[in-house]
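> how does the following fold in three dimensions:
(chains A, B, C and D)
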Number of protein chains: 2
Amino acid sequence: MGQTMHDHAATHDHGCGGAPEAIARAERLCRERDLQFTRLRRDVLAAVAGQTRPMGAYDIAEALSEPGRRVAAVSVYRALDFLTEHGLVHRIASRNAFVSCGHSHTDGAGLVFLICRNCGTIDETTSPEVEDQLGRTLAKAGFRPTSRILEVEGECGACLGRSAEE
Amino acid sequence: MGQTMHDHAATHDHGCGGAPEAIARAERLCRERDLQFTRLRRDVLAAVAGQTRPMGAYDIAEALSEPGRRVAAVSVYRALDFLTEHGLVHRIASRNAFVSCGHSHTDGAGLVFLICRNCGTIDETTSPEVEDQLGRTLAKAGFRPTSRILEVEGECGACLGRSAEE
DNA sequence: TGTTGGGGTGATACACTGTAACACTCGGGC
DNA sequence: GCCCGAGTGTTACAGTGTATCACCCCAACA
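Modelled structure (predicted):
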């Protein structure tokens, strides 16, 4: 995708292993739940999973379009709706963009997104401790949560190391 | 403004005390830091602080416009940039909307937004414990944070109580 | 007094993000 | 064959945010 500068993506890899693994996982999940893993959904997932940086819906549409096939943004949104609904991709609210999910995904709880403001990559971790404390805080406030987003912006370890060695 | 259905806002009030307090705080802060608290900025802050629900930039523009004065969204965005930069209002990323800050604001750390999916009000709390655990998690990941957003959607205490008594 | 320069604002235009509505296809069941 | 539902294509549009330029005001300063 006409992109330089993320050769280190292979070293990073946040546990997802890239597009093939993500697709295999999705196929399995759709079989289990009797869902349709159509070509469009597969292609959208592949496009997102092939990047460590978040992709906008229109980026995806453009990436999938080629002479002979024009993928409209609407279709991409529908596919993304499906994929997010089943936890295969996540929406990054602070960027209006999407990343493929790295975890074998127990239940979507306690997710933390680490967004590097330098290289743009997004890492995904979970923290039961944070989740635990947050649950306590919410209970104290008398608030019953249904979903939560936790996104941190800053500098990732790779970029910190790179700037330190200069 | 021109809004029904939030009569309970007075009972809620999340510690901010409404628009007058928010404006007094802003005036003080701007004096201290030698910043200009212009009419537009004051009006935008007043509009946002007068609501417990988040307002979109275009809502604000419309609320401030009247025969004889037309406030363009662009101007609102500029005022909002100023206000968020100095911690007087916060952006709710999951809603593309803005709320006035309720805290006398030490440093913007550890903020948690509680968004009620029923009544739409937004409460704001801080949790040092969550903050602490999150800091630990980030350190473990080798990530240096510069900003973070933590937004929880669910049902607020008031709505839970109201639905329970039926 | 004039003028110069910067911050704030107004206005228009535009890019990006997301949704509504409707038509079409395709496959399965009757 | 017909119907029906899910998925997709297409167009149009609403909502969100930014770029750009012109203007005003006011303070600084010659």
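> what about residue A:123, helix or strand, and which?
If you go by DSSP states H and E, residue A:123 is part of strand A:122-126.
> are that strand and chain B in contact anywhere?
Yes. Residues of strand A:122-126 contacting chain B under CB under 8 Å from any CB of the partner chain: A:123, A:125. Heads up, the C-betas are built off the backbone N, CA and C, glycines and all.
> who touches the nearest residue to residue A:65 once chain neighbours are set aside in this structure?
Nearest non-adjacent residue to residue A:65, counting by CB to CB, 6 or more residues apart in numbering or on different chains: residue A:71, 5.0 Å away. Neighbour list for residue A:71: A:40, A:43, A:60-61, A:64-65 [criterion: CB atoms under 8 Å, 6 or more residues apart in numbering or on different chains].
> give me the buried entries from the residues you listed.
Those of the contacts of residue A:71 that meet the buried threshold are A:43, A:60-61, A:64, by 16 or more other CB atoms under 10 Å in any protein chain shown.
> now do the phi/psi pair for the residue nearest the centre of chain A.
By CA atoms, centre = their mean, chain A has its centre lying nearest to residue A:99, at 2.2 Å. When read as degrees, to the nearest 10, the backbone of residue A:99 gives phi -130, psi 150.
> what residues does chain A put near chain B?
A:93-94, A:112, A:114, A:116-117, A:123, A:125, A:127, A:129-130, A:132-134, A:136-138, A:141-157, A:160.
> try it again at 6 Å.
Contact residues, chain A versus chain B (CB under 6 Å from any CB of the partner chain): A:93-94, A:114, A:125, A:127, A:129-130, A:133-134, A:137, A:141-157.
> what about chain A, any weak spots by pLDDT?
A:1-17, A:104-108, A:166 (pLDDT under 70).
> strands of that one, start to end?
A:89-92, A:97-100, A:111-116, A:122-126, A:144-155 (DSSP state E).
> helices or strands next to the longest one in the packing?
In terms of contact count using 3 or more CB pairs under 6 Å, 6 or more residues apart in numbering or on different chains; DSSP states H and E, strand A:144-155 is assigned the packing partners strand A:111-116, strand B:144-155.
> buried set for that strand?
A:144-145, A:148-155.
> next one: stretch A:125-138
Per 16+ other CB under 10 Å, stretch A:125-138 contains these buried residues: A:125-127, A:129-131, A:133-134, A:137-138.
> tell me where chain A has helices.
A:9-12, A:19-33, A:39-49, A:57-64, A:73-85, A:128-140, A:157-164 (DSSP state H).
> just put the strands of chain A in a markdown table and tack on distance to residue A:22.
Shown next, in a markdown table, are the strands of chain A (distance: least, CB to CB, whole Å):
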| stretch | distance to residue A:22 |
| --- | --- |
| strand A:89-92 | 9 |
| strand A:97-100 | 5 |
| strand A:111-116 | 16 |
| strand A:122-126 | 12 |
| strand A:144-155 | 21 |
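> how near is residue A:18 to residue A:46?
Residue A:18 sits 10 Å away from residue A:46, taking CB to CB, to the nearest Å as the criterion.
> correction: the previous question concerned residue A:114.
Taking CB to CB, one finds residue A:114 at 23 Å from residue A:46.
> compare these two (neighbour count), which wins?
residue A:114 (26 against 19; other CB atoms under 10 Å in any protein chain shown).
> so which residues on chain A come close to DNA strand C?
A:56-59, A:73-74, A:77, A:96-97 (CB under 7 Å from any atom of the strand).
> from these, which would you call buried?
Judged by 16+ other CB under 10 Å, buried ones among the residues of chain A next to DNA strand C: A:57, A:59, A:97.
> give the contact list for the first one.
Shown here is residue A:57, whose contacts under the criterion CB atoms under 6 Å, 6 or more residues apart in numbering or on different chains are A:73, A:76-77.
> in TSV: those, plus distance to residue A:32.
Output for the contacts of residue A:57, formatted as TSV (distance: CB to CB, whole Å):
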residue	distance to residue A:32
A:73	30
A:76	25
A:77	25
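> ok, of those residues, which one's closest to chain B?
residue A:77 (15.9 Å; CB to the nearest CB).
> which residues touch that closest one?
Residue A:77 makes contact with residue A:57, according to CB under 6 Å, 6+ apart.
> the strand holding residue A:123 pairs with which strands?
strand A:111-116 (antiparallel) (DSSP bridges).
> list the buried residues for the partner strand?
So for strand A:111-116, counting by 16+ other CB under 10 Å, buried means A:111-116.
> stretch A:81-92 now?
Across stretch A:81-92, burial judged by 16+ other CB under 10 Å covers A:82-83, A:86-92.
> can I get the buried residues of stretch A:125-138 in CSV with distance to residue A:36?
Compiled in CSV, those are given as follows (distance: CB to CB, whole Å):
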residue, distance to residue A:36
A:125, 31
A:126, 29
A:127, 34
A:129, 38
A:130, 35
A:131, 32
A:133, 39
A:134, 35
A:137, 40
A:138, 36
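> so which of those are also by DNA strand D?
Within those, nothing lies near DNA strand D by CB under 7 Å from any atom of the strand.
> could you check how far the residue lying closest to residue A:82 once chain neighbours are set aside is from residue A:30?
Excluding the flanking residues, the one nearest residue A:82 by CB to CB, 6+ apart is residue A:41, at 5.8 Å. Using CB to CB, one gets 8 Å for the distance from residue A:41 to residue A:30.
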